[in-house]
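Q: Quick one: sequence and predicted model below, then my questions.
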Amino acid sequence: MPYRRLPNTDAARIRAMRVAFDKGRVLPPNKMAYSSKTLLRLQKFLSDFDLSIQNHRKTILSQNKKSKDYNEIVRKSRLYLTHFLKVMNMAILRGDLPVETRAFYGLPTNDYSVPSLNTDNELTSWGKRIIEGEELRIRKGGSPITNPTIAVVKVRYANFLEAMNFYRVLVKRCLDDSEKINEIRKEVDEIILQLWNEIEATFKDFTEEKRKSECENYGVVYFYRKTELDKALSVEA
């Protein structure tokens, strides 16, 4: 007798529940191979699980699309902030600005390197520091740095903050959906196990082939072991 294998993918879980539900929906209770109680649970969780899977897929697709847009916004913000600091350093090297200018942005006056802006946190922290530093320097009478101006840098930075917050909400929603699906999946597996046990118990007195055929009509999935498959193939030959 081939062995029974419970579904191990969400698509297989939905397919197994749907086949059994469609059978139970058209048969009177006394003709069903499983109980009316299981049918009610099946109806509820089939709908909930299917809807959760669809919503999760939509969220993932949206996240993937937004990820490309977000990466471009991050790149632009990093580019403008980095370029602003490089222009400032060049002005110091030319003697147009004093070395103390770097202190306004929280940078050491004896180091012309540009800080790392590789992570969102670094970009957030340094962006705020640079914008506030330049605005303070201008209020104290300093000449504005141009190409880019701090106003242009500020727009790019604001775009980054808005995109980051939106993207983080999207990522959290995706994680929440995954957790919800994991919880439902546990109950779905319990339902399918109960369902298949009831179906097999109904046909337990049938011959092996007849029992297998009837159970498969309700969505039960069987697999032959290698030895059984080899034997079946040799008989057919």
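A: Sure thing, it's come through.
Q: Show the subsequent helix or strand relative to the longest helix anywhere in the chain.
A: With DSSP state H setting the assignment, residue counts place helix 36-94 as the longest helix in the chain. Using DSSP states H and E, the next helix or strand after helix 36-94 towards the C-terminus is helix 120-139.
Q: between the longest helix of the chain and helix 120-139, how big is the angle?
A: What separates the directions of helix 36-94 and helix 120-139 is an angle of 40 degrees, with axes from the mean of the first three to the mean of the last three Cα atoms, to 10 degrees.
Q: Under the pLDDT cut-off, which ranges of this protein? List them.
A: Applying pLDDT under 70 to the predicted model, the residue ranges of the chain that meet it are 1, 227-237.
Q: The same query, at a cut-off of 80, please.
A: Regions of the chain meeting the criterion pLDDT under 80 cover residues 1-2, 225-237.
Q: Now the phi/psi pair for the residue located most distally from the centre of it, please.
A: Going by Cα atoms, centre = their mean, the residue of the chain most distant from its centre is Gly95, 51.2 Å out. For Gly95, the backbone dihedrals are phi 90, psi 10 (criterion: degrees, to the nearest 10).
Q: In contact with it, which residues?
A: Counting by Cβ atoms under 8 Å, 6 or more residues apart in numbering, Gly95 touches no other residue. To be clear about C-beta, it is placed using only N, CA and C from the backbone, and glycine gets the same treatment.
Q: swap in the one 3 residues further on?
A: Residues near Pro98 by Cβ under 8 Å, 6+ apart: Ile92.
Q: Please repeat the previous calculation with a cut-off of 10 Å.
A: 91-92, 109, 142 (Cβ atoms under 10 Å, 6 or more residues apart in numbering).
Q: chain center to the one helix or strand Phe160 maps to, what's the gap?
A: Of the helices and strands defined by DSSP H and E, Phe160 is found in helix 150-202. Centroid separation between helix 150-202 and its chain, computed with Cα atoms, centre = their mean, to the nearest Å, is 6 Å.
Q: In terms of secondary structure, what does it contact?
A: strand 3-4, helix 10-26, helix 36-94, helix 120-139, helix 208-217 (3 or more Cβ pairs under 10 Å, 6 or more residues apart in numbering; DSSP states H and E).
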